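Colleague: This is a predicted model, with the sequence first.
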Amino acid sequence: MLYRENGQFKSTYASDQQMLPILQDRVLMAALLAFAFLVVPAVTSEYVFLSLLIPFLILTLAAIGLNLLVGYCGQISIGHAAFMAVGAYAAYNLVLRVPQLNFLVVLVLAGLIAALAGALFGIPSLRIKGLYLAVATLAAQFFMDWLFARVKWFTNYAHSGSVSTAPIQLFGWTVESPAEKYLFLLSLLVVFTLLAKNLVRGHIGREWMAMRDMDVAAEVIGIRPVYAKLTAFAVSAFYCGVAGALWGFVYLGSWEPLAFNLSLSLNLLFMIIIGGMGSLLGSFFGAAFIVALPILLDQVPLWLGVPIPTATASHLASMIFGALIVFFLIVEPLGLARLWAIGKEKLRLWPFPH
Amino acid sequence: MQGAAGSEAGAPPMSEGARRVGEVILAVEGVSLSFGGVKALTNVSFDVREHEVRAIIGPNGAGKSSMLNVINGVYHPQQGKIRYLGREFRDMDSHEVAQSGIARTFQSLALFKGMTVLDNIMAGRNLKMRTNMLLQALRIGPALREELEHREAVERIIDFLEIQAYRKVPVGRLPYGLQKRVDLARALAMEPRMLLLDEPMAGMNMEEKQDMCRFILDVNDQFGTTIVLIEHDMGVVMDISDRVVVLDYGKKIGDGTPGEIRANQAVIDAYLGVSH
Amino acid sequence: MSKHWPVVALGVALLVGLALPLATGAAPPGFYIEVLLGGLMSGVLYSLVALGFALIFKASGVFNFAQGAMVLFAALSVARIAEHVPLWLAIVLATVIMTALAWVIERFVLRPLVNQEGVALLMATLGVTYFLDGFGQTVWGSDIYKIDLGIAKEPVLILDKVFQGGILVNKEDFVAAAVAAGLVAGLTLFFQKTATGRALRAVADDHQAAQSIGIPLNRIWVIIWSVAGFVALVAGVIWGSQLGVQFSLSQVALKALPVVILGGFTSIAGAIVGGLIIGVGEKMAEVFLGPVLVKAFDLAGGGIENWFAYVLALLFLLVRPEGLFGEKHIDRV
């Protein structure tokens, strides 16, 4: 009744192809953005910023990156945290050795370096796919783990192998307080999501999806597989590189090479499985889910008055995680995003049953 | 007008209502293809003239789809070559073949199930879309213009094939006959010089077949596209083709006009299953 | 010949790398043989884990990421149960547990997902991994546990007349190798000679054809996962007795992935050969190549072992994706 397209006719292709063709969607998005930018910083506690919102924003960016590769282009990667590491260390070294660079420039450069690494490690995808490719991406993961732990130049010959960063300085503004970090990250995420949406709507997005759905047919209509796959790897690594730099600089502050290990890669994969592969919205859902779950598992027993030792809680988290992955794969392989879409469909019909 | 089986004449006789058939644009020369121990094609040679409708017929398993796959670059023959527009190739990748103007539909539909009808057809325009990724990400200027231009071209094809109502439907949800039309639309979106159709009317009822025939003839008439088509329905073949090639067990056993083929004893024997 | 040059080149490079430390005199022969034996031994362990992978992939086309977690779970079960009952009984009980686990996995994970493509199943086994890790540690605890096979642990010095300083070998390693050989022989007999084995091979070849001649797919899958579970148990017991049963066991088992890539996903012989190659290659790289790299690039320590197997697998994937013994894939359009 409320959520209807009645009367919203499009008379140009441009208006037909816009991102949010339905008026109600545009209103909702505007309200959401207003809420996120204006209301949240005023009312949220530091704890929620630091443990929920900030990691959520950064991981969403990384999840979008991985989703572009896995969900839109159909190439699997279970070592994508390696590219986050590349971005983080690239940013660290740039800030260290070229301190006069604007941090936004640093981010873009770190992303580009990560993109290069992504294209390089994406080369196997030209010859192998599926499970075999998954193992090849593991090579990327473990090699990067080793590279940043052993080649001392990357960590500036730090004794312990860890690096620390100072708070970001941007146009004279120091991004220090949790609320400031939140706003900075939110702005970046909005911009990057927009760019991703445009890519996905453009012809490169169709190339990726064609490769995913049927690569033989894609070739037959003139799509070059090398270009499609390597660009998917590169763009995906770019996003993860930027996310990695932000993860290190804004969220962690200081980190060791193991901060970007296999665990993180698998988490990213789970985010897009649960959230929805091939859906940008799904990346948001998935990241929110993965970030919130451990906290919920921590807090719920306390609320129920049944405290559980942290070790057991983390084991329980593993179990619930694993069970949920299987559950989603069985019940709704297209993830939370699909459930959301179904909900919207039902809303269009409401109050009619069908 | 006897037309001996397997003979290859220079200028073929025209069928009634002769269209403006031109020079030879595709020549298949001595192509042999095998998979493991199975010989799919043995020393097949024939040519295709511009603007004509060339049918490839033969009993099941004769190697017809394999022949299209070879022309298309999906399979690379062990022997022989393909000559297209003066260029000789045997090893070209299918995307290069596509870029030189050959489009194709598949017998078992090869649509992109995760996308809508519109996106599927737009994908066919991809080889004409050249703006770089940064511009696409920003969706300004040349990138936006390109999207809208090609949208217009695609809409013309959608009108032509009468599938306007299904633009935004995910292709997986469409009935088979409509999916086949989307497959054709996607191939047409490439603005090909030559169109390879693999059993475009399989699984269709009488009405759908008539529609599809009409579309194919319209494409040939209006756009001048050369058509190479595999088809089982003899009525259709006899009606719309200029010339016919007959394959059986991977070998060519007939080549000529529909009239010649109809009278060819070897062809009749092949279809009736008489050993020869 | 010209088509196979990348594989041959890779093989030659590996052999050269293998011979180099001996040829340049960088290592005394006795020490070299020790490292070689050490590599072979860890190779045997990798092979055992890879064997489980290959079995499951052969019979159900599923890539069981959870094999490592199964090894750990089995080892934990044996270790903890053996605290109360004799070892042999613990092994029997653990086998029962692994069979039950196989049944649960087939019923609740495999069967609902049977129509989805391989990648979905891979991710499902990832989910199973997480679940098993958490479950195992919740039920059995997360300390380091011991498995005592009753074999003397001190290394023995042999051949000290032939090589200067002699060679240190571990009796346990030989037992492990013998057990692995016995397991492979037993499995081969099982597959070739018994009716169930034949049924398993039929299923591996073609699911639908096997079903159409009346082979119950579900039961076959339970059987194969149980066998793989038993293999995991053997691997877990041997490995656990050497290294202690701890969480890192399931991580190290990830190494078995490169093994099946080298050997071919569907080949039992491949799992063995691949495991030995990876084991030896890794050890050699760590001991001999490592110091060279550290000096050349001023690295902070070795750790080549962590990625050598994967990079080797990657190279193999590029030149011979079906592995040494696997079957080539023909895609028909």
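Modeller: Arrived safely.
Colleague: from here on, contacts and neighbour counts on C-alpha atoms
Modeller: OK.
Colleague: longest helix in chain B, by residue count?
Modeller: For chain B, the longest helix by residue count, based on DSSP state H, is helix B:141-160.
Colleague: Okay, angle between the helix or strand just after that helix and helix B:141-160 too, please.
Modeller: Using DSSP states H and E, the helix or strand that follows helix B:141-160 in sequence is helix B:176-189. Using axes from the mean of the first three to the mean of the last three C-alpha atoms, to 10 degrees, the interaxial angle of helix B:176-189 with respect to helix B:141-160 works out to 130 degrees.
Colleague: now what about helix B:176-189, what contacts it?
Modeller: A:221, B:103-106, B:109-111, B:117, B:120-125, B:153-154, B:157-158, B:161, B:163, B:171, B:195, B:200, B:203-204, B:208, B:212 (C-alpha atoms under 8 Å, 6 or more residues apart in numbering or on different chains).
Colleague: With just CA atoms, put it into CSV.
Modeller: The C-alpha coordinates for helix B:176-189 follow below in CSV (Å, rounded to 0.1, in the frame of the first residue of the first chain):
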residue,chain,number,x,y,z
TYR,B,176,11.5,-21.7,-23.1
GLY,B,177,10.3,-20.0,-26.2
LEU,B,178,10.9,-16.5,-24.8
GLN,B,179,14.4,-17.5,-23.6
LYS,B,180,15.2,-18.6,-27.1
ARG,B,181,14.2,-15.2,-28.3
VAL,B,182,16.4,-13.5,-25.7
ASP,B,183,19.3,-15.7,-26.9
LEU,B,184,18.7,-14.5,-30.5
ALA,B,185,18.4,-10.9,-29.3
ARG,B,186,21.7,-11.1,-27.5
ALA,B,187,23.4,-12.4,-30.7
LEU,B,188,21.7,-9.7,-32.7
ALA,B,189,22.9,-7.0,-30.3
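Colleague: Just the mean pLDDT for it, thanks.
Modeller: For helix B:176-189, the mean pLDDT works out to 92.
Colleague: Would you mark the buried spots in it?
Modeller: B:177-189 (16 or more other C-alpha atoms under 10 Å in any protein chain shown).
Colleague: Stretch A:224-235 too?
Modeller: A:Arg224, A:Pro225, A:Ala228, A:Lys229, A:Leu230, A:Thr231, A:Ala232, A:Phe233, A:Ala234, A:Val235.
Colleague: Surely A:Pro167 touches A:Val250?
Modeller: Yes: A:Pro167 is within contact range of A:Val250, at 7.3 Å (criterion: C-alpha atoms under 8 Å).
Colleague: Sitting in helices, which of the buried residues of stretch A:224-235 do you find?
Modeller: Per DSSP H, the buried residues of stretch A:224-235 map to helices at A:Pro225, A:Ala228, A:Lys229, A:Leu230, A:Thr231, A:Ala232, A:Phe233, A:Ala234, A:Val235.
Colleague: Ignoring the adjacent residues along the chain, who's closest to the fifth one?
Modeller: In space, not counting the residues next to it along the chain, A:Thr231 is nearest to A:Ala119; the distance is 7.0 Å by C-alpha to C-alpha, 6 or more residues apart in numbering or on different chains.
Colleague: Okay, and residue 181 sits in which element?
Modeller: Because you didn't say which chain, this covers chain A. helix A:178-201.
Colleague: I was thinking of chain C, sorry if that wasn't clear
Modeller: Using DSSP H and E, C:Ala181 sits in helix C:171-193.
Colleague: Mind giving me the packing neighbours of that helix?
Modeller: helix C:29-60, helix C:195-205, helix C:217-243 (3 or more C-alpha pairs under 8 Å, 6 or more residues apart in numbering or on different chains; DSSP states H and E).
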